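> this one's structure only:
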């Protein structure tokens, strides 16, 4: 894949100064959000201040997308009348007694200067909204959800609470439109500035992968690797991890979302590291699987190569205009063929009897045997959320798409015990049993990040991923954390 985008994105950094999306871009987003409505008031709510002693504020992504404001207790009102769109940000005013605990709040004039919208006290939101609705304008709402699909629908957020109270006050007949589908469509196509943020998050994540590969050795605990990973994130300017780091060794490598990160690694095991930095709110998501002792065993090597082949096959078809279903099926076919070669399934199309509701891809003949080892989707969008809306799931890959490709194979140690006892399954277990026992507790996932530009689909997460590359890097001595990125100061000016 082409490398040209990396250079071109890097050149954008000085122009962005504080690596901040221009105020004009936020204004364009707000215009696009209400383009389909004739007139009305649109409410976008931000996050509340976290409970005392809990982690710091993580701004709600829909609000961050349309307002670009990262302080607590804020809301955005977008008003459209007669084709004219105006916006007002309602924020918490200066309050020294509160600021001594949580930090200085932006002044209203500073908000106006930075974001290009007038700002008022959050106490004025209700009166302003009541006045606007009294003129007959309808109300629309962009909900508080984080991400898309199974991650959507946070009905406990502050915006929901505000809207529920409003509906109670005005009666059940009061109608509120929801603009989530419009917001997700807009977020699914990343701008050049957003791609720069994603690229930066990915670059920091790759640094962490490279550093930790030199560190890993038998007898080390998973949390030691996690600590170096997250130290590298912050040392190079990341806000935080974009999600809970998955550092999973041995049998833990076969658990998709293992997050305890507290097991001592043993010689002869693999380690799965599914990690991602968040930079200015934008997420990376990069997974590597490595041998704890620095050299893949024949069994580990065989499973790893199948996963890598599946990823490479998906990459070849993940071109602009491609349908995600085609990309996913290409990877699945490659995985099934490889599993059959190893004897882990009887044939690429072989099936077994699954319990009701436990087969992700049922067919009239039965449950595909490959699904015993590969039970998740091929990838997802990335952006303000690690599972972000992307056009690839509603239409096809296009300019501005940012997404992952992450095939995997997970041979659980107790796999044979999990298969229901039926006449057909007894024959299945007899056939695949030797291979399952030979490859038990080997979990392999390889995940990379990609963006689509006018130049095509670009692989941007260039951490070592070929077997020879990983083994070569792990042979290098660990001499302490790598030097901090020399450009970090420029990013923070």
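Looks like it came in fine. These numbers come from a predicted model, not from an experiment. Numbering: from 1, shown residues only.
> could you find the closest non-adjacent residue to the residue nearest in space to the middle of the chain?
The chain has residue 386 as the residue nearest its centroid, 1.4 Å off, counting by Cα atoms, centre = their mean. Spatial nearest neighbour of residue 386, excluding adjacent residues (Cβ to Cβ, 6 or more residues apart in numbering): residue 283 at 4.2 Å. The way it works is simple: take the backbone N, C-alpha and C, and place the C-beta from them, glycine included.
> tell me where the model's unsure across this protein.
Where the chain drops to pLDDT under 70, the residues are 1-19, 52-55, 145-156, 489-493.
> circling back: now do the phi/psi pair for the residue nearest to residue 386.
Backbone geometry at residue 283, expressed as degrees, to the nearest 10, gives phi -100, psi 150.
> so it bridges to which residues?
Counting by DSSP bridges, residue 283 is bridged to residue 278.
> tell me the contacts of it?
By Cβ atoms under 8 Å, 6 or more residues apart in numbering, the residues touching residue 283 are 198, 201, 242-243, 276-277, 382-386, 388.
> what about residue 164, how many residues nearby?
A count of neighbours around residue 164, defined by other Cβ atoms under 10 Å, yields 11.
> next: the one 3 residues further on.
With neighbours defined by other Cβ under 10 Å, the count for residue 167 comes to 15.
> state the distance from it to residue 77.
17 Å (Cβ to Cβ, to the nearest Å).
> repeat for residue 163
Distance from residue 163 to residue 77, by Cβ to Cβ: 13 Å.
> between the two, what contacts are shared?
In contact with both residue 163 and residue 77: residue 43, using Cβ under 8 Å, 6+ apart.
> thinking again about what came up before, wait, is the residue nearest to the centre of the chain part of a strand?
No - per DSSP: H, G, I helix; E, B strand; the rest coil, residue 386 lies outside any strand segment and is coil.
> surely it touches residue 276?
Yes - judged on Cβ atoms under 8 Å, residue 386 makes contact with residue 276 at a distance of 6.1 Å.
> joint contacts of the two?
With Cβ under 8 Å, 6+ apart, residue 386 and residue 276 have common neighbours 242-243, 283, 285.
> what segments of the stretch 351-493 of the chain are strands?
351-352, 367-368, 402-405, 408-411, 442-445, 448-453, 456-459 (DSSP state E, counting those that start in this stretch).
> wait, which of those is closest to residue 111?
Evaluated over the strands of the stretch 351-493 of the chain, closeness to residue 111 peaks at strand 402-405, with 28.3 Å, by Cβ to Cβ.
> show me what the closest one is packed up against.
helix 192-215, helix 298-317, strand 448-453 (3 or more Cβ pairs under 8 Å, 6 or more residues apart in numbering; DSSP states H and E).
> okay, these in CSV with mean neighbour count and distance to residue 376 next?
Shown next, in CSV, are the helices and strands packed on strand 402-405 (neighbours: other Cβ atoms under 10 Å; distance: least, Cβ to Cβ, whole Å):
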stretch, mean neighbour count, distance to residue 376
helix 192-215, 23, 20
helix 298-317, 19, 12
strand 448-453, 24, 15
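> JSON lines for those, including distance to residue 125?
Shown next, in JSON lines, are those (distance: least, Cβ to Cβ, whole Å):
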{"stretch": "helix 192-215", "distance to residue 125": "28"}
{"stretch": "helix 298-317", "distance to residue 125": "46"}
{"stretch": "strand 448-453", "distance to residue 125": "37"}
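> wait, which of those is closest to residue 414?
Using Cβ to Cβ, the helices and strands packed on strand 402-405 put helix 298-317 closest to residue 414, at 17.3 Å.
> what number of residues lie near residue 68?
Per other Cβ under 10 Å, the neighbour tally for residue 68 reads 24.
> nearest residue to it in space, please, no chain neighbours.
residue 26 is the one closest to residue 68 (Cβ to Cβ, 6+ apart), at 4.8 Å.
> thought residue 450 was touching residue 322?
No - with contact defined as Cβ under 8 Å, residue 450 does not count as touching residue 322 (11.4 Å).
> quick one: the helices in the stretch 251-400 of the chain?
Assigned helices in the stretch 251-400 of the chain, in chain order: 298-317, 324-342 (criterion: DSSP state H, counting those that start in this stretch).
> same deal with the stretch 51-200 of the chain?
Using DSSP H, counting those that start in this stretch, the helices found in the stretch 51-200 of the chain span residues 61-67, 96-102, 108-115, 125-134, 158-170, 180-187, 192-215.
> save the ones you listed as TSV, and put in distance to residue 362 too.
Below are the helices of the stretch 51-200 of the chain laid out as TSV (distance: least, Cβ to Cβ, whole Å):
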stretch	distance to residue 362
helix 61-67	34
helix 96-102	51
helix 108-115	50
helix 125-134	48
helix 158-170	35
helix 180-187	29
helix 192-215	36
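> out of those, which gets nearest to residue 270?
helix 192-215 (12.7 Å).
> just to revisit the earlier point, for the shared contacts of residue 386 and residue 276, pick the one with the most neighbours.
residue 283 (30 neighbours).
> can I get the helices of the stretch 251-400 of the chain in TSV with distance to residue 247?
Formatted as TSV, these follow (distance: least, Cβ to Cβ, whole Å):
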stretch	distance to residue 247
helix 298-317	17
helix 324-342	24
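> if we can go back for a sec, dump the contacts of residue 283 to TSV, plus distance to residue 44.
Below are those laid out as TSV (distance: Cβ to Cβ, whole Å):
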residue	distance to residue 44
198	22
201	24
242	22
243	23
276	25
277	26
382	22
383	17
384	13
385	16
386	21
388	17
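> now the residue nearest to the centre of the chain: how far from residue 64?
Residue 386 is 14 Å from residue 64, by Cβ to Cβ.
> what does residue 79 give?
According to Cβ to Cβ, residue 79 and residue 64 sit 20 Å apart.
> more neighbours: those two, which one.
residue 64 (21 against 18).
> and residue 444, what is it in contact with?
Going by Cβ under 8 Å, 6+ apart, residue 444 touches 253, 270, 272, 289, 300, 303-304, 307, 408-410.
> how about those in TSV, adding distance to residue 57?
Output for the contacts of residue 444, formatted as TSV (distance: Cβ to Cβ, whole Å):
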residue	distance to residue 57
253	34
270	37
272	30
289	34
300	42
303	41
304	40
307	37
408	33
409	39
410	35
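> of all these, which comes closest to residue 214?
Closest approach to residue 214 among those (Cβ to Cβ): residue 289, at 16.0 Å.
> so who does the closest one touch?
253, 270-273, 304, 307, 443-446.
> and these as TSV, adding distance to residue 142?
Output for the contacts of residue 289, formatted as TSV (distance: Cβ to Cβ, whole Å):
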residue	distance to residue 142
253	39
270	42
271	40
272	36
273	35
304	43
307	38
443	38
444	39
445	33
446	35
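> residue 475 and residue 294 touch, don't they?
Yes - at 6.2 Å, residue 475 counts as touching residue 294 under the criterion of Cβ under 8 Å.
> which one of the two is surrounded by more residues?
For residue 475 and residue 294, the more surrounded residue by other Cβ under 10 Å is residue 294, and the numbers stand at 19 against 11.
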